[in-house]
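# 3D model of this:
(one chain, ligands or ions: 1)
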Amino acid sequence: MRSAAETQAIIQALAHQHPDADTELHYRSAFELLVATILSAQATDAGVNKVTPALFARFPDARALSAAAAEDVERLIHSTGFFRQKARALMGMSRALVERHAGEVPRTMDALVRLPGVGRKTANVVLGHALGVPGLPVDRHVLRVSNRLGIAESDDPDRVEQQLTGALPPAVWTRASDILILHGRRVCKPEPQCGQCAAVDACAFYAEASAVPAPPPSRAPTRRERANAPRGTAKPAKAKAAKAKAAKKAPPRRRR
Ligand code: SF4
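Numbers count the residues shown, from 1 in each chain. This is a model prediction of the structure:
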């Protein structure tokens, strides 16, 4: 895995490529960002931004949303998918905010992840963007891009969060996540556009993918390889045995 200095240099290179990196969710408060982030599961940010203005106009805070009728919330968020589960999560989260935090969004990871429907990724989004508390959200883009670059080594988002936050100063955690997410959306997609990548020279995945494969070590062909070889290039064991047998049966040469 890359050193902390290398990780910082890679993030800096990508920061120049994506100076506009930021969350694409629209919000005016920590509560609105919390709601929008919960809605963004299995949905695009643009799709969430389409439904939140009407949702926030009708239910502007945790108290209003906690007292909502489920059907009203479901109708307003229907197009984001999984609307029943999401409505339940939003109303449960809002009730917990009212009961435990006087309707305010708490400023700590521990308190945030105790809210219904809130995991570390959502908590880090809210901490980093709306509350000014360093947080590094790890989504599927951050996972893919950081592993390819070699600045993280794990499929586990919590582990990748630890590795990246261990290498980067807290002041850049949230921005680093935004940069990696945008890079994953625009350039380092599942089918990566390496020719357009500012970090190509430092990328472990690119180095491995573009390396010339070494020739196989010289050795005798296996039985299967001999059997599959084009005719005339190998002598199967059966043919050899038949030839030896025929030679034995041949009449002895006449002496002169
Ligand atoms: S070089 Fe290619 S694989 Fe590596 S980070 Fe850039 S786009 Fe992704």
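# So for Thr222, what's the pLDDT?
Thr222 is assigned 71 on the pLDDT scale.
# And Asp45, by the same measure?
95.
# Can you tell me, leaving aside adjacent residues, what's nearest to it?
Glu24 (4.0 Å; Cβ to Cβ, 6 or more residues apart in numbering). Backbone N, C-alpha and C define where each C-beta goes, glycine included.
# so what pLDDT did that neighbour get?
95.
# Going forward, count from 26.
Will do, 26 is the new start, and the previous item becomes Glu49.
# Figure out the helix or strand that it lives in.
Under the criterion DSSP states H and E, no helix or strand holds Glu49.
# Would you mind measuring the gap between the ends of stretch 218-235?
By Cα to Cα, to the nearest Å, the extent of stretch 218-235 from end to end equals 13 Å.
# what about that stretch, distance to the chain center?
Computed by Cα atoms, centre = their mean, to the nearest Å, the chain-centroid distance of stretch 218-235 equals 17 Å.
# In that stretch, which residues are buried?
222-225, 227-228, 230-231 (16 or more other Cβ atoms under 10 Å).
# Ok, stretch 41-49 next?
For stretch 41-49, using 16+ other Cβ under 10 Å, the buried residues are 42-43, 46, 48-49.
# Return the distance of the residue nearest to Asp70 relative to Arg145.
Separation of Glu49 from Arg145 (Cβ to Cβ, to the nearest Å): 20 Å.
# Which pair of the buried residues of stretch 218-235 spans the longest distance?
Ala223 and Phe230 (14.6 Å; Cβ to Cβ).
# Please verify my assumption that Pro66 contacts Phe107.
One correction, residue 66 is Ala, not Pro. Yes. With contact defined as Cβ atoms under 8 Å, Ala66 and Phe107 form a contacting pair (7.1 Å).
# who in the stretch 26-175 of the chain is up against the ligand?
170, 173-174 (Cβ under 6 Å from any ligand atom).
# May I ask which of these has the most neighbours?
Val170 (28 neighbours; other Cβ atoms under 10 Å).
# can you tell me the helix or strand for that residue?
Assigned by DSSP H and E, Val170 belongs to helix 165-174.
# just curious, which of the buried residues of stretch 41-49 is nearest to the ligand?
For the buried residues of stretch 41-49, the minimum distance to the ligand (Cβ to the nearest ligand atom) is 9.7 Å, reached by Gln42.
# OK, contacts around the closest one?
When contacts are counted by Cβ atoms under 8 Å, 6 or more residues apart in numbering, Gln42 touches 208, 212, 222-223.
# try 7 Å
Ala223 (Cβ atoms under 7 Å, 6 or more residues apart in numbering).
# per-residue pLDDT, it?
98.
# The one 10 residues further on too?
Model confidence at Tyr52, expressed as pLDDT, equals 98.
# Tell me if I'm right that it and Val60 touch.
No. Using Cβ atoms under 7 Å, Tyr52 is not in contact with Val60, being 8.1 Å away.
# Of Ala66 and Phe107, which one has the most company?
Neighbour totals were compared for Ala66 and Phe107, and Ala66 leads with 17 against 14 (other Cβ under 10 Å).
# Could you measure from the more buried one over to the ligand?
25 Å (Cβ to the nearest ligand atom, to the nearest Å).
# That residue sits in which helix or strand?
Under the criterion DSSP H and E, no helix or strand holds Ala66.
# List phi and psi for it.
phi -60, psi 130 (degrees, to the nearest 10).
# same thing with Pro194?
With angles defined as degrees, to the nearest 10, Pro194 sits at phi -70, psi 140.
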